[in-house]
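>>> 3D, please:
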Amino acid sequence: MKPADGNVRVLVTRPKHQQSSFLSLCDKAGFETLSLPCIDILPVEADFKRHLIDETDLIIFTSRNAVDFANNLFPLPWRGASVYAIGRATERALKKFGQPVIAPPQPPFDSEAFISWYKTKPSPGRVLIIKGIGGRDLIETTLVNNGVLVDVKAAYKRVTPVVRDAERVRIFKESPPNVISVTSDDVLRNLVNIAGSEYANVLHSTPLVVNSSRCANLAIRLGFDHQPIVANPPGDEGQLVAISALIEQYGVF
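Residues are numbered from 1 along each chain as shown. Purely as a prediction, here's the structure:
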């Protein structure tokens, strides 16, 4: 990737504990970064009993946060478990703890991709989904409608950080970003709420890089002026390539 002009400012909105790797990549690419975590990930109490794992035909981890927080509650690897990861980052998190997966994640690494894969396999009798509180329930609903017994365990929750007015002035008025990196629908919604009506025009006029077509469509519904670019593949490397594409598309900022 061709180094970018140092004046190109990228707003990084992912959780604080997941920013360091992407900030480092942006720095190496020549971007100036602005950090504004738009979501916090916190643990919740959950009961991961060994018998539930043993009695489950398929365990689905929906995110790397699900892996990390589940590991804190019941250390991985879970021997003998058939485990599936929705995305590549989730798969990498599982492998970090020595947990094998039964198949690689399917592109474009979302719930719909899992369902397409699942429909080609023998239907499991019982499935355990490990996720955060809330979020999409497409997998659960599809499995239940197909007669599968589904257990859902929430290992974490998402909350909106409190952002001081001085920080909002710095981000949206004094040094407004040229590109915004968004990693989820929740992050995008929280970003809009944090900016508020006072900085809505600045926010909506700034090009976005997102991780899914679903998030891109949400951005348009929320009033963003430009069609977001979807990172392919989702994640740090794909986002970095997408930012470069935005620079090419919109020229010098």
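
>>> quick one: the strands in the stretch 151-253 of the chain, in order.
Here the stretch 151-253 of the chain has its strands, by DSSP state E, counting those that start in this stretch, at 179-181, 208-210, 229-230.

>>> would you agree Glu55 is in contact with Leu128?
No. Counting by CB atoms under 8 Å, Glu55 stays clear of Leu128, with 9.0 Å between them. No exception for glycine: its C-beta is placed from N, CA and C like everyone else's.

>>> the two: who's more crowded?
Taking other CB atoms under 10 Å, Glu55 and Leu128 do not tie; Leu128 has more neighbours (22 against 13).

>>> how about the helices in this structure?
Using DSSP state H, the helices of the chain run over 20-29, 50-55, 64-73, 88-96, 111-118, 138-145, 165-169, 185-195, 200-204, 213-221, 236-250.

>>> closest one to Pro43 among those helices?
Across the helices of the chain, Pro43 has its closest neighbour in helix 64-73 (5.3 Å, CB to CB).

>>> averaged pLDDT, the closest one. What do you get?
For helix 64-73, the mean pLDDT works out to 94.

>>> need the contact partners of that helix.
Helix 64-73 is contacted from outside by 41, 43-44, 46, 48, 61, 76, 85, 87, 89-90, 92-94, 97, 99, 130-132, 153, 155-156, using CB atoms under 8 Å, 6 or more residues apart in numbering.

>>> ok, stretch 197-204 next?
Stretch 197-204 is touched from outside by 168, 172-173, 176, 180, 191-192, 195, 222-225, with contacts defined as CB under 8 Å, 6+ apart.

>>> just stretch 96-106 next, same as before
Stretch 96-106 is contacted from outside by 58, 67, 71, 75-78, 81-88, 90-91, 94-95, 113-114, 116-117, using CB under 8 Å, 6+ apart.

>>> how long is that stretch end to end?
End-to-end distance for stretch 96-106, by CA to CA, to the nearest Å: 19 Å.

>>> and it, what's buried?
99, 101, 105-106 (16 or more other CB atoms under 10 Å).
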